[in-house]
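> pasting a predicted model and its sequence here:
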Amino acid sequence: MFQFKPNVSMNNQESFSFKFIILAQSDGITAKIYGRITVERKKAEFFTGHFVEINNWDQASQKYLSKKNSILEEDLTSIKNNIINIKRRLIYDEKPLSAKLIKDIYTGANEIKQFLLEYFQQHISQIEKLTKEYSSGTVSNWFFRTFNATLALSYGTRRKKFSILYQSTN
């Protein structure tokens with residue numbers, strides 16, 4: 001149940017805007033629809049997953065002119081409502097607003113990184129409990145090989161200097 005916080009500071013009254021923009025494809029006929037979040041003149045953009053014909057897009061009203069595609073209008077309205085709800089939640093939780101933070105929350109970018117680190121911390125602590133069966137060198141070696149392999153698969157690159165991360169979990 002939603003409870004109103006009367007003492008929520010309204011100093012988070014930064015300038016905020018959200019609109020849809022289109023960026024033309026190389027064919028000159030179609031365009032990708034992007035969402036643009038602006039907070040205090042700093043912008044963050046994300047691809048909505050939708051394409052439109054350039055001639056059927058009205059930038060002033062930010063709507064697709066063809067009546068055939070009501071699903072597109074519903075999706076764009078849903079995206080806009082989600083962005084505004086994220087902004088409201090940040091203000092309610094008294095967190096600072098930024099265009100990048102709102103975009104990251106909407107796209108889930110910050111959740112994935114957090115989940116991966118939480119998973120490894122939990123898994124390492126379970127293995128460390130088995131220190132009677134494994135030496136600390138084995139655990140350390142396993143950590144570096146598994147973590148680097150996971151990063152290589154996820155990001156296409158190997159990251160170094162994880163000794164600081166591992167030492168902080170000991």
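That came through, no problem. Numbers count the residues shown, from 1 in each chain.
> what does the strand ranked longest in the chain contact?
In the chain, taking DSSP state E as the definition, the longest strand is strand 42-53. By C-beta atoms under 8 Å, 6 or more residues apart in numbering, the surrounding residues in contact with strand 42-53 are 20-22, 25, 29-37, 64, 66, 72, 75-76, 79, 98-100, 102-103, 106-107. Bear in mind the C-beta positions are built from the backbone N, C-alpha and C, glycine included.
> filter these down to the buried ones.
Buried members of these, counted by 16 or more other C-beta atoms under 10 Å: 20, 22, 30-31, 33, 35, 37, 64, 72, 76, 79, 98-99, 102-103, 106.
> show me the contacts of strand 42-53 that map onto helices.
72, 75-76, 79, 99-100, 102-103, 106-107 (DSSP state H).
> hey, where'd the strands end up in this protein?
With strands called from DSSP E, the chain shows them at 16-24, 30-39, 42-53, 57-58, 63-64.
> now do the third one, average pLDDT.
Translated: strand 42-53. For strand 42-53, the mean pLDDT works out to 92.
> I appreciate the help and will end here.
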